[in-house]
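Colleague: Fold the following and give me the result.
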Amino acid sequence: MTRSPTSPTPVPDTTPPEALKHAKGWTLHAEASREMVGVLFGERFEVREPIGAGGMASVYVCKDRALHGLAAVKVLRDDNADTRRRFADEARLLANLRHPHMVQVLAVGETADGAPYMALEYLPGQSLDERLIRRGPLPWREVVELAAQVAGALEALHRVGVIHRDVKPSNIVQIDSAAGGPVVKLIDLGVAKIHDWARVQAGGFTPVPRHKTEVGKVVGTPGFYPPEVALVEADPRFDTYALGVTIYQLCTGVFPTPGEYRPMVEVRPACKVPPELEALVAALYSPM
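Modeller: As a prediction, this is how the structure comes out:
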């Protein structure tokens with residue numbers, strides 16, 4: 001069964017970038033998932049090839065028979081009830097919180113064996129983490145432009161009480177833009193904190209009861225959450241802190257020193273960031 005929200009413009013049917021094929025774990029997953037090629041999800045998405053897998057989900061490049069382009073289909077392979085609820089929440093949020101700098105959902109449904117899936121717009125580009133590894137730190141002006149786009153996506157989430165909780169370069173994908181300038185999209189709301197009132201306000205869907213994340217439980221990626229993460233409930237400052245760390249890393253190529261802020265121009269003089277950007281990142285990185 002497939003349910004389709006309003007769909008964005010389809011991506012042309014092209015071969016996935018070579019970079020995806022060399023991503024960590026791709027070869028092993030490709031061998032394990034070879035039998036999936038040709039499988040049809042929801043009578044619409046035909047598997048072309050696998051592009052990644054984790055402990056809970058697999059992702060495939062699929063041909064979208066309805067839009068005649070490509071889609072990235074994420075299939076959950078975990079029967080845990082809370083995991084399935086989070087997966088459904090992520091799909092619903094992405095379907096209802098449409099933003100130009102957030103990945104869009106094309107459809108949600110279940111596979112023939114009952115596994116939930118979400119079909120996402122295919123992003124023919126690379127994550128900022130991949131770009132940083134291959135080409136080194138980015139020019140500060142470009143970092144500012146990209147960070148402003150991510151901040152816009154985060155503002156849309158925060159407006160309805162949703163905290164992303166995993167903002168980092170690997171969850172920001174840079175894509176080709178018809179306008180010519182750099183464009184990024186924020187992905188992966190799998191560990192987002194969703195307050196009950198936001199569920200209704202975001203899309204009109206009925207809140208699904210589940211356990212709250214306990215104070216003391218750490219969620220996210222080490223280095224990208226504030227030291228106080230285990231002491232307080234998640235709020236927008238978790239994301240702004242992570243955005244500050246992301247800017248610092250993209251400008252310098254390294255993480256800021258835990259517990260203290262060392263100016264970017266000291267860490268990497270060649271970055272030549274202006275005082276205004278230095279002050280902004282220092283403020284984002286400051287204790288909550």
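
Colleague: which intervals of the stretch 51-200 of the chain have sub-threshold pLDDT?
Modeller: 55, 195-200 (pLDDT under 70).

Colleague: residue ranges of the strands in it, please?
Modeller: Assigned by DSSP state E, counting those that start in this stretch, the strands in the stretch 51-200 of the chain fall at 57-64, 69-76, 105-110, 116-121, 125-127, 162-163, 172-175, 183-186, 193-194.

Colleague: could those strands be laid out in JSON lines, adding distance to Glu35 and mean neighbour count?
Modeller: Every C-beta, even on glycine, is put in place using the N, C-alpha and C of the backbone. Below are these laid out as JSON lines (distance: least, C-beta to C-beta, whole Å; neighbours: other C-beta atoms under 10 Å):
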{"stretch": "strand 57-64", "distance to Glu35": "12", "mean neighbour count": "21"}
{"stretch": "strand 69-76", "distance to Glu35": "14", "mean neighbour count": "24"}
{"stretch": "strand 105-110", "distance to Glu35": "19", "mean neighbour count": "23"}
{"stretch": "strand 116-121", "distance to Glu35": "17", "mean neighbour count": "23"}
{"stretch": "strand 125-127", "distance to Glu35": "28", "mean neighbour count": "20"}
{"stretch": "strand 162-163", "distance to Glu35": "37", "mean neighbour count": "26"}
{"stretch": "strand 172-175", "distance to Glu35": "28", "mean neighbour count": "21"}
{"stretch": "strand 183-186", "distance to Glu35": "31", "mean neighbour count": "22"}
{"stretch": "strand 193-194", "distance to Glu35": "35", "mean neighbour count": "22"}
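
Colleague: Among those strands, which comes closest to Pro274?
Modeller: With C-beta to C-beta as the criterion, Pro274 lies closest to strand 183-186 of the strands of the stretch 51-200 of the chain, at 21.3 Å.

Colleague: The closest one packs against which elements?
Modeller: helix 140-159, strand 172-175 (3 or more C-beta pairs under 8 Å, 6 or more residues apart in numbering; DSSP states H and E).

Colleague: looking at the ones you listed, which is closest to Ala270?
Modeller: Relative to Ala270, the nearest member of these by C-beta to C-beta is helix 140-159, separated by 10.3 Å.

Colleague: contacts for the closest one?
Modeller: 93, 97, 99-102, 128, 138, 163-164, 167, 172, 174, 181-186, 189, 192, 236, 239-240, 243, 246-247, 250-251, 271-274, 277 (C-beta atoms under 8 Å, 6 or more residues apart in numbering).

Colleague: ok, 6 Å please
Modeller: Under the criterion C-beta atoms under 6 Å, 6 or more residues apart in numbering, residues 97, 99, 101-102, 164, 172, 182, 184, 186, 236, 239, 247, 250-251, 271, 273 lie in contact with helix 140-159.

Colleague: most neighbours, which of those?
Modeller: Sorting the contacts of helix 140-159 by how many neighbours each has (other C-beta atoms under 10 Å) puts Asp239 first, at 30 neighbours.

Colleague: Assign that one to helix, strand or coil.
Modeller: Using DSSP: H, G, I helix; E, B strand; the rest coil, the structure places Asp239 in helix.

Colleague: Can you give me the pLDDT of Phe255?
Modeller: As predicted, Phe255 sits at a pLDDT of 90.

Colleague: That one contacts Phe224, correct?
Modeller: No: checked against C-beta atoms under 6 Å, the pair Phe255 and Phe224 is beyond contact range at 8.9 Å.

Colleague: Not counting sequence-adjacent ones, nearest residue to Met36?
Modeller: Spatially, and ignoring its direct neighbours in sequence, Met36 is nearest to Val47 (5.0 Å; C-beta to C-beta, 6 or more residues apart in numbering).

Colleague: thought that neighbour was touching Val39?
Modeller: Yes: applying C-beta under 6 Å, one finds Val47 in contact with Val39, separated by 4.7 Å.

Colleague: Looking at the two, which one has more neighbours?
Modeller: Per other C-beta under 10 Å, whichever of Val47 and Val39 has more neighbours is Val47, with 19 against 16.

Colleague: Against Pro227, how distant is Phe238?
Modeller: As judged by C-beta to C-beta, to the nearest Å, Phe238 and Pro227 stand 11 Å apart.

Colleague: Check Val254 too.
Modeller: 18 Å.

Colleague: I figured Leu186 hits Met102, correct?
Modeller: Yes: counting by C-beta under 6 Å, Leu186 touches Met102, with 5.1 Å between them.

Colleague: Thank you kindly, that will do.
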